[in-house]
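> Sequence isn't available, so here's the structure alone:
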């Protein structure tokens, strides 16, 4: 039959709405503008930008929306036999750089109530996974993605701690889902627009899609 060439890649992206202390979440703006931005800029051959979804900044109460997003992405791409990647963007209001998160922890300890009023303390995100010290690590080559982004001259670091708030909560669920379905998942923290302007954040996100594609 001969070689069929590399599998196509579909990257689905999520961001978050505002939450306590962050009136404007940059990831909401980035995700809402990403399709138009990428259309003008282009993507590597074989790469498709899938769904772009802005999630409620909430844990347990927002799980139905998260799983609906994940499951619809998988069912849409099943026929194409594509590599499916979930790219989740969240804000770290104290950050000066982008942070590529290597892992998530099975612990929800929210420093303030989420947008649906939930404030867990040392609660396992998925009880059947065991205790709150359980971690899940992305199967994407973080080091290769990091080097690609540094080469593009972005201020970026690799992080081992996605916090214990909603970002970590979503990432843990996504990593678990990705493992079960043979997909890949990655979470990246963004600074506020007051620390890094919108155009830089849009360019970073488009380059990040390139970096993920080159790493697969």
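Looks like it arrived, so ask away. Bear in mind the structure is a predicted one, so any value in this text is a computation, not a measurement. Numbers count the residues shown, from 1 in each chain.
> Quick one: the strands in the chain, in order.
In the chain, the strands defined using DSSP state E lie at 9-16, 47-55, 83-91, 98-101, 103-105, 135-137, 156-159, 184-190.
> May I see those strands organised as JSON lines, with mean neighbour count added?
(Glycine included, C-beta is placed from N, CA and C.) Listed next are the strands of the chain as JSON lines, based on neighbours: other C-beta atoms under 10 Å:
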{"stretch": "strand 9-16", "mean neighbour count": "24"}
{"stretch": "strand 47-55", "mean neighbour count": "19"}
{"stretch": "strand 83-91", "mean neighbour count": "25"}
{"stretch": "strand 98-101", "mean neighbour count": "22"}
{"stretch": "strand 103-105", "mean neighbour count": "23"}
{"stretch": "strand 135-137", "mean neighbour count": "16"}
{"stretch": "strand 156-159", "mean neighbour count": "17"}
{"stretch": "strand 184-190", "mean neighbour count": "25"}
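> How many neighbouring residues does the closest residue to residue 113 other than its chain neighbours have?
Sequence neighbours aside, residue 119 is the residue nearest to residue 113 in space, at 4.3 Å (criterion: C-beta to C-beta, 6 or more residues apart in numbering). Neighbours of residue 119 under the rule other C-beta atoms under 10 Å: 13.
> wait, isn't residue 119 in contact with residue 110?
Yes - between residue 119 and residue 110 there is a contact at 4.8 Å, judged by C-beta atoms under 8 Å.
> Report all helices and strands that the lowest-mean-pLDDT helix or strand in the chain contacts.
Least confident helix or strand of the chain, by mean pLDDT, DSSP states H and E, is helix 63-77 with a mean of 87. Applying 3 or more C-beta pairs under 8 Å, 6 or more residues apart in numbering; DSSP states H and E, one finds that helix 63-77 makes contact with strand 9-16, strand 47-55, strand 83-91, helix 166-181.
> Check the offset of it from the chain's centre.
Centroid separation between helix 63-77 and its chain, computed with C-alpha atoms, centre = their mean, to the nearest Å, is 14 Å.
> Find me the pLDDT at the residue nearest to residue 113, would you?
For residue 119, the model assigns a pLDDT of 96.
> Please report how far it lies from residue 129.
Distance, residue 119 to residue 129, using C-beta to C-beta, to the nearest Å: 21 Å.
> List the contacts of the residue nearest to residue 113.
110, 112-113 (C-beta atoms under 8 Å, 6 or more residues apart in numbering).
> what do you get for residue 124?
In this structure, residue 124 makes contact with 106-108, 130-132, 134, judged by C-beta under 8 Å, 6+ apart.
> Read off the pLDDT value for it.
Here the pLDDT value assigned to residue 124 is 97.
> Check the one 10 residues further on too.
pLDDT for residue 134: 96.
> number of nearby residues for the closest residue to it other than its chain neighbours?
Excluding its sequence neighbours, the residue lying closest to residue 134 (C-beta to C-beta, 6+ apart) is residue 106, at 4.0 Å. Neighbour count of residue 106, defined by other C-beta under 10 Å: 21.
> And for residue 75?
Other residues lying near residue 75 total 9 when counted by other C-beta under 10 Å.
> if I look at it, how far off is residue 69?
In terms of C-beta to C-beta, residue 75 sits 11 Å off from residue 69.
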